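1. All I have is the shape, not the residue letters:
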């Protein structure tokens, strides 16, 4: 999510969701670990990029999407059977939801971000393959540049039917919603201005039927980019790249229980040092895959895909060959 997406405004609306939440769903689909899907930039301005896949062991690299110059394909997510990929196609300031075969075949748009929509972001595919969860925010903007409405939507990939789970309209932003393992809750981020020109963010958990929410991280931690894993732990990062671009603060990975207890630091990178960003659980729950940013004096840094055990050990490259990329997600394969 780009910096503009720190401007969302939410208002609570409860919609018909019984069909939308039927069956199990989770941020990371359980199963054996397969190939990686990720986004790679083609330019230094980070406005042009495509979706790729790579095999972790052999390093076989395949380009999935072929966007025109100035178009950014972003935040990919595997279907539960590993045959399709959902992603966001950025067209200027707006973005649409697309899916394509894992080899790039049959690309098609499921949801268009037409006015008053401002942005559609971060698809999360349910394990049964019947729904894709996305975030949508809409104009007009308030004095802080925050869109007037935020909604969590599910989209049926078979017929593009859209269902609203719930929304927010309270002057605080939100993003990056992902399913709980049982499909009854979502984890997401809310962001608010601190009054001094800076922003703060925290992770929340909400019930999808009532929309009732609970903050599970302190605002001062600036938690972003959560993912709900198969072991019922939530992983997130602090001072993530999209929400805090150019920040020199320490950016680390953490795990936490869904009730806000048992907060655990996975990494301990220092300020103006390496950053851990965009974490996702691998399907078997034994590791976290993330974007590691080596700054070396450059806030943008060199970005590589990295694995780490939940206890902070076994830090290693996600592929046997050097493969730069961001937003990595591992393919669920039959166990």
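-> Yes, it's here. Just so we're clear, the structure is a prediction, and the values are computed from it rather than from any experiment. Residues are numbered from 1 along each chain as shown.
2. Listing request: residues of the stretch 1-150 of the chain with sub-threshold pLDDT.
-> For the stretch 1-150 of the chain, residues meeting the criterion pLDDT under 70 lie at 1-31, 58.
3. hmm, 90 instead?
-> The model of the stretch 1-150 of the chain has pLDDT under 90 over residues 1-34, 43-47, 56-60, 80, 91-94, 126-129, 141-148.
4. Please, where are all the strands along it?
-> 13-14, 32-41, 49-54, 61-63, 71-78, 84-91, 94-101, 108-111, 117-125, 132-141, 147-155 (DSSP state E, counting those that start in this stretch).
5. Can you convert those strands into CSV and add a column each for mean neighbour count and distance to residue 275?
-> Heads up, the C-betas are built off the backbone N, CA and C, glycines and all. Shown next, in CSV, are those (neighbours: other CB atoms under 10 Å; distance: least, CB to CB, whole Å):
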stretch, mean neighbour count, distance to residue 275
strand 13-14, 14, 36
strand 32-41, 21, 16
strand 49-54, 23, 19
strand 61-63, 14, 24
strand 71-78, 24, 18
strand 84-91, 23, 22
strand 94-101, 20, 24
strand 108-111, 15, 31
strand 117-125, 25, 19
strand 132-141, 21, 23
strand 147-155, 23, 26
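6. for these, which one sits closest to residue 209?
-> Among the strands of the stretch 1-150 of the chain, the nearest to residue 209 by CB to CB is strand 13-14 (8.1 Å).
7. just to revisit the earlier point, which one of the strands of the stretch 1-150 of the chain lies nearest to residue 287?
-> strand 32-41 (8.1 Å).
8. Output the contacting helices and strands for the closest one.
-> strand 49-54, strand 71-78, strand 326-333 (3 or more CB pairs under 8 Å, 6 or more residues apart in numbering; DSSP states H and E).
9. Other residues contacting it?
-> The contact list for strand 32-41, computed with CB atoms under 8 Å, 6 or more residues apart in numbering, reads 48-56, 64, 73-78, 82, 85, 87, 102, 282-284, 289, 305, 318-319, 323-335.
10. The helices and strands packed on strand 32-41 into TSV, with extra columns for distance to residue 140?
-> Putting the helices and strands packed on strand 32-41 into TSV (distance: least, CB to CB, whole Å) gives the following:
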stretch	distance to residue 140
strand 49-54	29
strand 71-78	25
strand 326-333	29
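11. and the closest residue to residue 272 other than its chain neighbours, how many neighbours?
-> Spatial nearest neighbour of residue 272, excluding adjacent residues (CB to CB, 6 or more residues apart in numbering): residue 248 at 4.3 Å. Using other CB atoms under 10 Å, residue 248 is surrounded by 14 other residues.
12. phi, psi of residue 248?
-> The phi/psi pair for residue 248 (degrees, to the nearest 10) reads phi -100, psi 10.
13. What's the separation between it and residue 240?
-> Going from residue 248 to residue 240 by CB to CB, to the nearest Å gives 14 Å.
14. next one: residue 63
-> Residue 63 sits 26 Å away from residue 240, going by CB to CB.
15. same deal with residue 290?
-> According to CB to CB, residue 290 and residue 240 sit 10 Å apart.
16. and those two? which has more neighbours close in?
-> Neighbour count, other CB under 10 Å: between residue 290 and residue 240, residue 290 has more, with 29 against 26.
17. so which strand or helix has the more buried one?
-> strand 288-294 (DSSP states H and E).
18. for that strand, packing partners?
-> Applying 3+ CB pairs under 8 Å, 6+ apart, we find strand 288-294 packed against strand 253-256, strand 275-281, strand 302-308, strand 326-333.
19. ranking the ones you listed by burial, who's on top?
-> Highest mean neighbour count of those: strand 275-281, a mean of 27 (counted as mean count of other CB atoms under 10 Å).
20. Mind listing residues that contact that strand?
-> By CB under 8 Å, 6+ apart, strand 275-281 touches 27-28, 225, 227-231, 233, 235-237, 239-241, 250-253, 266-267, 269, 287-293, 295, 301, 306, 308, 326-330.
21. do stretch 94-114 as well
-> 37, 51, 53, 62-66, 73-74, 78-79, 82-89, 117-121, 123, 132, 134, 136, 153, 155, 157, 160, 162, 331.
22. Quick one: residues contacting residue 324.
-> Going by CB under 8 Å, 6+ apart, residue 324 touches 40, 302, 303, 304.
23. is the first one in a bridge, and if so with what?
-> Judged by DSSP bridges, the bridge partners of residue 40 are residue 50.
24. The second one too?
-> According to DSSP bridges, the partner residues bridging residue 302 are residue 294.
25. Could you report the pLDDT at it?
-> As predicted, residue 302 sits at a pLDDT of 83.
26. pretty sure it contacts residue 291?
-> No. Here residue 302 does not reach residue 291: they are 10.5 Å apart, not a contact under CB atoms under 8 Å.
27. what's the closest of the strands of the stretch 1-150 of the chain to residue 214?
-> Among the strands of the stretch 1-150 of the chain, strand 147-155 comes nearest to residue 214, with 15.6 Å by CB to CB.
28. for the closest one, packing partners?
-> In terms of contacts (3+ CB pairs under 8 Å, 6+ apart), strand 147-155 is packed against strand 108-111, strand 132-141, strand 162-168.
29. packing partners for the second one?
-> It refers to strand 132-141. If contacts are counted by 3+ CB pairs under 8 Å, 6+ apart, strand 132-141 sits against strand 94-101, strand 108-111, strand 117-125, strand 147-155, strand 175-179.
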